[in-house]
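Participant: predicted model and sequence follow; I will ask about them next.
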Amino acid sequence: MMTLKLFRNARIYTPIDDGKPLAGNEMGYVAVTEEGALIVEEGYIASIGQEREILESLPSGEEVEEIDLEGRCIIPGFVDPHTHACFMGTREREFVMRLQGASYLDILKMGGGILSTVDKVRSASKEELYENTKEVVSRAAKSGITTIEIKSGYGLSLEHEIKMLEVIGQLNGNPLDVVPTFMGAHAIPMEYKDNPKAYVELVIDEMIPYVAKRNLAKYCDVFCEEGVFSVEDARRILQAARGYGLGLKLHADEVYDLGGAKLAAELKVDSAEHLLAASDEGLRAMAQNGILAVLLPATAFSLRKPFARARRMMELGVPVALATDCNPGSCYCESMEMVYRLAVLGMGLSMEEALTASTLNAAYAIGMARQVGSLQRGKKADFVVLEGETPGVMAYHLGATNVKEVYKMGKKI
Ligand code: NIG
Ligand code: FE
């Protein structure tokens with residue numbers, strides 16, 4: 001006989017999935033159930049609501065394992081829809097250089113930055129890369145992340161991009177849901193320094209077709225930035241990726257406003273990321289086309305830059321999601337609790353808006369909302385138990401982690 005799990009005595013906070021990302025005021029509508037409970041069957045939520053009603057609905061004679069959550073707040077497992085968590089080594093010295101005034105893009109121009117991680121990833125074996133990525137992912141899971149997107153982009157050759165995507169694929173289901181994104185267009189590798197156009201051709205003619213045919217990625221992403229990939233390069237790469245059936249993402253207007261947000265709207269990408277420097281015109285175009293913004297406040301914080309204009313985006317009707325951007329350069333952060341905190345305290349989101357942005361809207365950003373992102377019947381029983389009464393505790397109690405327990409498909413991780 002199958003055992004059901006009953007989680008009881010919980011304060012449940014969850015956004016409600018209505019079939020599309022929440023925008024504007026809707027981001028603040030979060031359902032609260034004071035004396036709540038949920039029943040988990042085979043890893044999925046069989047029922048959820050008032051404890052009294054849930055207990056009444058329990059079939060008699062069925063074996064039930066009972067877990068008392070002692071009045072704590074539970075929220076959906078965090079969904080992290082933007083990471084570069086597959087890497088080797090760290091770049092602490094470069095961080096110190098930045099503290100002394102060097103800029104992120106200057107370091108990249110000198111062959112450091114992303115390119116120094118590329119050297120380390122290329123010389124690592126697949127097993128070493130797997131072990132390192134697994135460690136990063138388990139730290140992410142401890143912070144409450146139960147679904148994560150991971151990009152390639154530190155290989156920058158067919159061989160090493162494939163190595164990265166295979167490693168990312170191996171991590172799926174073990175225990176997190178892992179969504180792979182191909183990001184061969186993350187930087188121009190050293191060997192193409194004098195002929196960057198030829199690298200763009202390589203991405204379009206060889207990498208994308210190979211990745212798509214072998215089903216190694218769900219999305220294709222491009223770093224559209226001054227001195228990296230131009231708007232024209234990004235358009236060509238993303239159009240090619242679309243032709244092969246990949247979903248589209250764009251690192252847009254992170255450092256300079258090149259018109260990335262407008263390009264995101266023109267191509268109707270699945271999400272546009274960063275947007276620190278995006279103009280009102282670009283944001284309006286995104287709103288008109290319903291393009292989701294994935295904001296990365298820990299990156300702005302780590303680069304000592306002003307945060308993205310989240311409130312302005314929401315005012316214009318752009319649905320907003322949050323992510324860590326976890327990577328060894330611009331943002332060494334695998335904690336969504338930290339991101340939540342910065343969204344509330346730094347970008348002015350309410351405790352409810354930040355919850356929606358880091359769970360349901362984040363799930364939409366990576367096409368996972370049918371399975372995860374809210375605590376509703378039929379979705380995976382992925383949730384976080386907080387040491388507190390509301391999700392706001394994560395922004396309130398700064399000196400501690402407030403994530404007490406993390407459950408993936410009803411099992412503690
Ligand atoms: O999203 N902007 C480009 N890529 C990453 C940084 C990667 C790195 O520095 O290694 C980002 O910030
Ligand atoms: Fe990124």
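Facilitator: It's in. Ligands and ions are numbered 1, 2, ... in the order given.
Participant: going forward, measure contacts between C-alpha atoms and count neighbours the same way
Facilitator: Will do.
Participant: quick check: the gap between the nearest residue to residue 235 once chain neighbours are set aside and residue 286.
Facilitator: Nearest residue to residue 235 in three dimensions, chain neighbours excluded: residue 263, at 7.4 Å (CA to CA, 6 or more residues apart in numbering). Distance, residue 263 to residue 286, by CA to CA, to the nearest Å: 9 Å.
Participant: contacting residues for the residue of the chain found nearest ligand 1?
Facilitator: Across the chain, the shortest distance to ligand 1 (CA to the nearest ligand atom) belongs to residue 329, at 3.7 Å. Listed by CA atoms under 8 Å, 6 or more residues apart in numbering, the contact set of residue 329 reads 90-91, 94-95, 113-114.
Participant: go again with 6 Å.
Facilitator: residue 91 (CA atoms under 6 Å, 6 or more residues apart in numbering).
Participant: also the one 3 residues further on?
Facilitator: Taking CA under 6 Å, 6+ apart, we find residue 332 in contact with residue 326.
Participant: ramachandran angles for residue 45?
Facilitator: Backbone torsions for residue 45, taken as degrees, to the nearest 10, come to phi -80, psi 120.
Participant: partners of it in the sheet?
Facilitator: residue 40 (DSSP bridges).
Participant: which residues touch it?
Facilitator: With CA under 6 Å, 6+ apart, residue 45 has these contacts: 39, 377-379, 381.
Participant: who wins on neighbours among the residues you listed?
Facilitator: With neighbours defined as other CA atoms under 10 Å, the most crowded of the contacts of residue 45 is residue 381; it has 28 neighbours.
Participant: pLDDT score assigned to it?
Facilitator: In this prediction, residue 381 carries a pLDDT score of 98.
Participant: which stretches of this protein have low pLDDT?
Facilitator: Applying pLDDT under 70 to the chain picks out residues 1.
Participant: try it again with 90
Facilitator: Scanning the chain for pLDDT under 90 picks out 1-3, 57-63, 105-106, 108-111, 255-256.
Participant: re earlier: which of the contacts of residue 45 lies closest to residue 175?
Facilitator: Distance to residue 175, by CA to CA, is smallest for residue 381 among the contacts of residue 45, at 12.8 Å.
Participant: touching, that closest one and residue 47? I think so.
Facilitator: No - under the criterion of CA atoms under 6 Å, residue 381 makes no contact with residue 47, lying 10.2 Å away.
Participant: where does the residue nearest to residue 235 fall, secondary structure wise?
Facilitator: helix 260-267 (DSSP states H and E).
Participant: looking at the contacts of residue 45, which are in strands?
Facilitator: Per DSSP state E, strands hold the following members of the contacts of residue 45: residue 39.
Participant: tell me the one of the contacts of residue 45 nearest residue 223?
Facilitator: residue 379 (32.8 Å).
Participant: residue 373 versus residue 18, what's the distance?
Facilitator: As judged by CA to CA, residue 18 and residue 373 stand 12 Å apart.
Participant: more neighbours, those two?
Facilitator: Applying other CA under 10 Å to residue 18 and residue 373 shows that residue 373 carries more neighbours, namely 33 against 7.
Participant: ok, that one touching residue 359?
Facilitator: Yes - at 4.6 Å, residue 373 counts as touching residue 359 under the criterion of CA under 6 Å.
Participant: can you get me a residue count around the residue nearest to residue 235?
Facilitator: If you count neighbours by other CA under 10 Å, residue 263 ends up with 22.
Participant: how close does it sit to residue 248?
Facilitator: Distance of residue 263 to residue 248, computed by CA to CA: 12 Å.
Participant: check residue 317 too.
Facilitator: For residue 317, the distance to residue 248 - CA to CA - is 21 Å.
Participant: likewise residue 398?
Facilitator: 36 Å.
Participant: compare neighbour counts for those two and give me the winner.
Facilitator: residue 248 (25 against 12).
Participant: so residue 86 sits right up against residue 133, yeah?
Facilitator: Yes - contact status for residue 86 versus residue 133: in contact at 4.9 Å, counting by CA under 6 Å.
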